[in-house]
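**Student:** build the 3D model from these lines:
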Amino acid sequence: INCGRDIEKLAEVARSVENLQIIRATGFHREHVYLETQSHWINRYSVDQIADLVIADIREGIDRNDYTGPLVDRSPYKAGVIKIGTAYGEITPFEHKCMEAAAKAAIETGAPINTHTTYGTCGLEQAQTLIGLGVPADQIAIGHIQRNADVYYLEEILDLGVYLEIDGTNRIKYQPDSNRMMELKAFKKDGYEDRILLGTDSGKRSYQKVYGSVSGVDYLSLKHI
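**Tutor:** Predicted structure coming up:
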């Protein structure tokens, strides 16, 4: 929400590519991505009011104006997943409020929550917080968590019953793909493979071959598992 969603453009892409399935997100990113948070409506609305906006994205249709206000113009396209994000090594009050609203919306609608962790931090705290707010563990996926290559820590999170999302393949500015392979092998050996999700995290145009990148969404180096 309020990060530049263009639901009509995404629907155009979906119509133009045969057999493409797109699940659009509602919810929020980490506080850092918003230009001004002191005056943001997150700080002025109650948790229940924020949750109602997320629920409406799921049940009624995503706002064509991305809740930039003041008018709301609902599209026919409904969100299917709720996003939350946290900062590096901390969950700010802004982010915690978003998590509270996301939890209420997830419980009300049954939609899953997919998280953003910054450099793999706060994944355990995200899971503990959301579960503490009443979200079923199997409705939660902790994202980008492979950036913390500590298998002991990652399996602490898995022990709570949530999913881990291993993504960012070929993003060597964070870590080499060999770390991802190591993590995935350990999860399989320890019996957690049924709660591992794989992804690329390659949403920017600069990550795509058509815009000049040397890799794209088809890159998934798993041949050595």
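**Student:** low-confidence ranges in the chain?
**Tutor:** Counting by pLDDT under 70, the chain contains low-confidence residues at 220-225.
**Student:** can you list the residues that contact the lengthiest helix in it?
**Tutor:** As assigned by DSSP state H, the longest helix anywhere in the chain is helix 93-109. The contact list for helix 93-109 (C-beta atoms under 8 Å, 6 or more residues apart in numbering) reads 26-28, 30-31, 37, 40, 42-43, 47-48, 50-51, 54-55, 58-59, 82-87, 91, 111-113, 126, 129-130, 133-135, 139. To be clear about C-beta, it is placed using only N, CA and C from the backbone, and glycine gets the same treatment.
**Student:** do stretch 7-19 as well
**Tutor:** Applying C-beta under 8 Å, 6+ apart, the set of residues contacting stretch 7-19 from outside is 20-22, 24, 62-64, 66, 75, 77.
**Student:** between those residues, identify the one with the most neighbours.
**Tutor:** In terms of neighbours by other C-beta atoms under 10 Å, the contacts of stretch 7-19 top out with I62 at 26 neighbours.
**Student:** spatially nearest residue to that residue, not counting backbone neighbours?
**Tutor:** I7 (4.7 Å; C-beta to C-beta, 6 or more residues apart in numbering).
**Student:** with adjacent residues omitted, what lies nearest to I55?
**Tutor:** Counting by C-beta to C-beta, 6+ apart, I55 lies nearest to A105, which is 4.9 Å off, once chain neighbours are set aside.
**Student:** which outside residues touch stretch 198-218?
**Tutor:** Outside of stretch 198-218, the residues that reach it under the criterion C-beta under 8 Å, 6+ apart are 143-144, 165-171, 219-220, 222.
**Student:** please repeat the previous calculation with a cut-off of 6 Å.
**Tutor:** For stretch 198-218, contacts defined as C-beta atoms under 6 Å, 6 or more residues apart in numbering pick out 165-170.
**Student:** got those as TSV, with neighbour count and secondary structure columns?
**Tutor:** Supplementary listing: the contacts of stretch 198-218 in TSV, determined by neighbours: other C-beta atoms under 10 Å; DSSP: H, G, I helix; E, B strand; the rest coil:
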residue	neighbour count	secondary structure
E165	22	strand
I166	22	strand
D167	19	coil
G168	23	coil
T169	20	coil
N170	17	coil
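**Student:** distance to Y192 for those residues - can I get that in a markdown table?
**Tutor:** Converted to a markdown table, these look like this (distance: C-beta to C-beta, whole Å):
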| residue | distance to Y192 |
| --- | --- |
| E165 | 13 |
| I166 | 11 |
| D167 | 16 |
| G168 | 19 |
| T169 | 19 |
| N170 | 24 |
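**Student:** now, which of these sits nearest Y153?
**Tutor:** Nearest to Y153 among those, counting by C-beta to C-beta, is I166 at 13.8 Å.
**Student:** residues contacting R59?
**Tutor:** R59 sits next to no residue when contact means C-beta under 6 Å, 6+ apart.
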